[in-house]
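Visitor: Take a look and give me a structure for this.
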Amino acid sequence: MMKEVGGSTTSPNGQHASKNPHGLALACRECQRKKIKCDRKYPCTQCSRANLPCQISTRKPRAKIAKTVDAELRNRIAKLEKLVESFQDEDGKLPNAEDLKAISQLSSKDENLRASDTPPSINAVVNSDHGSPSSPIDATSPATSKYVAGSFWSTLTSEVKALADAFEEDGPNSEPDTTPETTPPGPYALDGSNSTAQYELIFCPPGALYIMPGAMIEPEPAIALDLLNAYLNYVEPIYKLLHVPTLKAFMADGQPYMNRPADAPCNKALKAAIYFAAANAYTEEECESKFGKSQDLVVLQYRRMVDIALYQADPLNTTEVATIQACALYIASARITDSSRRAWSLVGMLVRVGRAINIHRELQGESIYMAEMKRRLWYFIVFLDSYASIDRGSEPAIHPDTYNRRLPTNCNDEDFGESSTTITPRPNEIADMTVSLIAMEASDLTLRLAIPEDMPSGQPWQKRLEIAYAFQKKINEQYFQHCNIDIHLHRIAAGIGAAACHSLILRAVRPMQLSPNHSAPRVDSPWVMELALNILRHCHDLHTGISGRWRRMPWVPWHGMAVALAGLCSIRDTPLANEAWELVEKTMATYAPSVADTKDGMLWKPLEKLRAKAEAFRDEPRQNSRSEPPNKVQQPAVVQPVPNVNMWNGVDQFGNMPLPDPSLNLATAPFPNDMTLDPLTAPISASVFDFPPDMAATLPTDNSWLDWEGILQDMEDVRTDGVGWM
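Guide: Model prediction:
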């Protein structure tokens, strides 16, 4: 009972008004209303001085929400049980107590980390296909993102925090009208299913991530065998990087690979990269029947697997050939579905790592097998660098004068093995290595032709054109003559070789890089337009033949499209122009989803700009090409190529440019009158672009060349922007 003070009567609530030992009594209602300090006695000093009745404050009853809290606790406990069960390993074991203690300590720092400006750590979410279907898909919090399966730990810590909030009582200074704030739940805004694709785990230093036991589950034996067969049938023939007999012994029989056990981290990374490459070879229907999910989800599943496997193999410091093979195959596979700068950037890293273990140089004392495997690996890296530079219109990372590895041998895998002392080449026939060898030879030549003219090893355009023709002749004699068009792989070899030849010849006279010292011919010709259209024809046929299961890196022929569009700014209403528009429209529609940096990047914007200019020229009324006044001084006759009726079907496509002098000797004309439509089968001499020195000042300005310089300048402008800078 409370003591009476000042003759006042004891309040019915007096038994609750005395200050308890912990000092948790509330201020009286009158002091709360006046917002003055109450000494929390009954009656308080303030009320006694003012002769006011002192009314004790009481807390709001909580009995009504007891059932709700109980139900909420039960739901959270059930969710926790499902989450824990979903991340048990095959033996049913959970992380040890020390790991759980570390996680609980991190959860207490979660709020501080969210409030800071420090970017979150690398998210290493592991595929949780075996988890409960009712478990939420969470993005990881910064406090848990350094752990593999970070979405699980993020959800766990948020659940534990919410449980603590459910039990939390009002603080000692809480006011009766104040409602306690509840802690917001864990972040669910981001989709954890694609968070792994935003990061590269291979850049993490060793020990930065905790790999939870059982987190990275390999496919079942039947699925693994099916993935291996898909790789051997639809990936390996195009990317001839590995030795099939050795690969089968390693993948199917568990034999050592590259003198390392099958379960070594480097070999695990190679196996995961093969699974990832094979996943891209499945059709949508096969993924639904084999995995019960879409192809995108299957690819994402094995993308996560290879990410973690490469992290464990530490590719940045590796000395293992198998790890570099896995990296190369990973980059080639990643570009199929990822048009960002990721693959382009990783190629530079791959070049450095390969050089670190001297893959780029011939070394004495190497076995036949190891030397051949390193040749395949190095020239596959050269191919990736050449592809990446063309794909994004940039300079290559490899200088051709810095390596001396010989090209791989044109042979079948059965021609040599790990214990072989000799290797027998197969000249003048299509072997297992032929398709990749054509691409590798073309890539090596691409690097050499990409050297600017003002560099010591640079070549003038005439010499580059001669080199390109020599390559065309070599490919034709060694491979094309032995292709059987009834064999699908032979058709692919012919298509890749033809596209490579046309591209090399076109880049000799229409460079991809803007150079002030460039001396390529400024006068265009029907031959250049026809060459660009041949590239588009071959690329369309090749894309049609390899579509479906033959998925590979998208080779977007933006260079040929740009040259064709530049030519279409000068010609119209001819059969060649009509065919050019048909091919350009078809090719742009086909490759728009695969172009580097998407349609908003540095390649597609200049193409769209040039396309709009060509469309404006096509749609405007055509000027009369014969409206020149008769007394106007005529330009030299050798300026304009002699029109071929079979090719151009008319002579008025040149607009208002002057016609050749009728007295001109056709034998001395710069372009032959019987020029073939296909420059691949009958190469034209480089002398067709040679003009007398005194004619340079009188050459007319060729619109298509200026348009070509314009698109290169546009690419440079976009590249210097903050988004497109490289």
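Visitor: Ala313: what's it in contact with?
Guide: 265-266, 268-269, 320, 323, 326 (CB atoms under 8 Å, 6 or more residues apart in numbering). C-beta coordinates here come from the backbone N, C-alpha and C atoms, glycine included.
Visitor: in which helix or strand would I find the nearest residue to Arg375 once chain neighbours are set aside?
Guide: Spatial nearest neighbour of Arg375, excluding adjacent residues (CB to CB, 6 or more residues apart in numbering): Pro408 at 4.5 Å. Per DSSP states H and E, Pro408 falls between elements, in no helix or strand.
Visitor: so Pro408 makes contact with Glu372?
Guide: Yes. The criterion here is CB atoms under 8 Å, and Pro408 meets it with Glu372 at 6.4 Å.
Visitor: So if I had to pick from these two, which one is more boxed in?
Guide: Pro408 (25 against 22; other CB atoms under 10 Å).
Visitor: so what's that one up against?
Guide: In this structure, Pro408 makes contact with 240, 372, 375-376, 379, 433, 436-437, 440, judged by CB under 8 Å, 6+ apart.
Visitor: now, which of the residues you listed sits nearest Leu310?
Guide: Minimum distance to Leu310 across the contacts of Pro408 is 19.8 Å, recorded for Arg376 (CB to CB).
Visitor: my guess is the closest one meets Leu241, correct?
Guide: Yes. Assessed by CB under 8 Å, Arg376 is found in contact with Leu241 at 5.7 Å.
Visitor: Looking at the two, which is more packed in?
Guide: Comparing Arg376 with Leu241 by other CB under 10 Å, the one with more neighbours is Arg376, at 25 against 22.
Visitor: pretty sure that one is in a strand, no?
Guide: No. According to DSSP: H, G, I helix; E, B strand; the rest coil, the state of Arg376 is helix, so it is not within a strand.
Visitor: Give me the distance between the closest residue to it other than its chain neighbours and Glu288.
Guide: Closest residue to Arg376 apart from its sequence neighbours, by CB to CB, 6+ apart: Pro408 at 4.9 Å. Pro408 is 38 Å from Glu288, where distance means CB to CB, to the nearest Å.
Visitor: Over to Asn317?
Guide: Asn317 is 41 Å from Glu288, by CB to CB.
Visitor: Those two: who's more crowded?
Guide: Taking neighbours as other CB under 10 Å, Asn317 and Glu288 compare with Glu288 leading, 14 against 11.
Visitor: The more buried one: what's it in contact with?
Guide: Ser294.
Visitor: and if we set it to 10 Å?
Guide: Residues in contact with Glu288 (CB atoms under 10 Å, 6 or more residues apart in numbering) are 282, 294-295, 298.
Visitor: Among the residues you listed, which are located in helices?
Guide: Among the contacts of Glu288, the members falling in helices (DSSP state H) are 295, 298.
Visitor: Closest one of the contacts of Glu288 to His360?
Guide: Using CB to CB, those come closest to His360 at Tyr282, 34.3 Å.
Visitor: Verify the stated contact: that closest one with Asn233.
Guide: No. Tyr282 lies out of contact with Asn233 (CB atoms under 10 Å); the separation is 11.2 Å.
Visitor: how is this structure carved up into domains?
Guide: As assigned by automatic domain parsing, the chain contains the domains 1-59, 63-170+182-203, 221-411, 473-620+645-651+670-720.
Visitor: Which of the ones you listed comes out lowest on mean pLDDT?
Guide: When the domains of the chain are ranked by mean pLDDT, domain 63-170+182-203 comes last with a mean of 49.
Visitor: Quick check: buried residues in stretch 471-491?
Guide: In terms of neighbour count (16 or more other CB atoms under 10 Å), stretch 471-491 has its buried residues at 471-472, 475, 478-480, 483, 489-491.
Visitor: Check stretch 507-516 too.
Guide: Neighbour counts over stretch 507-516 (16+ other CB under 10 Å) mark 507-512 as buried.
Visitor: Ok, stretch 578-597 next?
Guide: Buried, per 16+ other CB under 10 Å, within stretch 578-597: 580-581, 583-584, 587-588, 590-591, 594-597.
Visitor: what would the residues you listed look like in TSV with secondary structure and distance to Leu247?
Guide: Formatted as TSV, these follow (DSSP: H, G, I helix; E, B strand; the rest coil; distance: CB to CB, whole Å):
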residue	secondary structure	distance to Leu247
Ala580	helix	45
Trp581	helix	46
Leu583	helix	40
Val584	helix	42
Thr587	helix	36
Met588	helix	39
Thr590	helix	33
Tyr591	helix	32
Ser594	helix	29
Val595	coil	33
Ala596	coil	31
Asp597	coil	34
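Visitor: Ile496 touches Trp555, doesn't it?
Guide: Yes. Counting by CB under 10 Å, Ile496 touches Trp555, with 9.0 Å between them.
Visitor: if you count what's nearby, which of these two comes out ahead?
Guide: Remark: of Ile496 and Trp555, Ile496 carries more neighbours, 23 against 20, as counted by other CB under 10 Å.
Visitor: so that one, which of the three states?
Guide: Following three-state DSSP, we place Ile496 in the helix state.
Visitor: quick one on the thing from earlier: and the buried residues of stretch 471-491 as a markdown table, adding secondary structure and distance to Asp444?
Guide: Converted to a markdown table, those look like this (three-state DSSP; distance: CB to CB, whole Å):
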| residue | secondary structure | distance to Asp444 |
| --- | --- | --- |
| Phe471 | helix | 10 |
| Gln472 | helix | 15 |
| Ile475 | helix | 13 |
| Gln478 | helix | 15 |
| Tyr479 | coil | 16 |
| Phe480 | helix | 19 |
| Cys483 | coil | 22 |
| Leu489 | helix | 22 |
| His490 | helix | 23 |
| Arg491 | helix | 24 |
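Visitor: possible to save these as TSV with distance to Arg74?
Guide: Shown next, in TSV, are the buried residues of stretch 471-491 (distance: CB to CB, whole Å):
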residue	distance to Arg74
Phe471	74
Gln472	75
Ile475	72
Gln478	75
Tyr479	71
Phe480	73
Cys483	71
Leu489	62
His490	67
Arg491	65
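Visitor: for those, which one is nearest Pro261?
Guide: Checking these against Pro261 with CB to CB, the nearest one is Leu489 at 33.8 Å.
Visitor: Report the two of the contacts of Ala313 separated the most.
Guide: By the measure CB to CB, Lys268 and Glu320 form the most distant pair in the contacts of Ala313, at 11.2 Å.
Visitor: Overlap in contacts, those two.
Guide: Common contacts of Lys268 and Glu320 (CB under 10 Å, 6+ apart): 313, 326.
Visitor: out of the two, which sits in the busier spot?
Guide: The neighbour count for Lys268 versus Glu320, taken as other CB under 10 Å, is higher for Lys268 (24 against 21).
Visitor: Secondary structure of that one: a helix, I assume?
Guide: Yes. Counting by three-state DSSP, Lys268 is found in a helix.
Visitor: dump the residue contacts of the nearest residue to Ile368 once chain neighbours are set aside.
Guide: Spatial nearest neighbour of Ile368, chain neighbours left out: Ser420 (4.9 Å); criterion: CB to CB, 6+ apart. Neighbour list for Ser420: 367-369, 372 [criterion: CB under 10 Å, 6+ apart].
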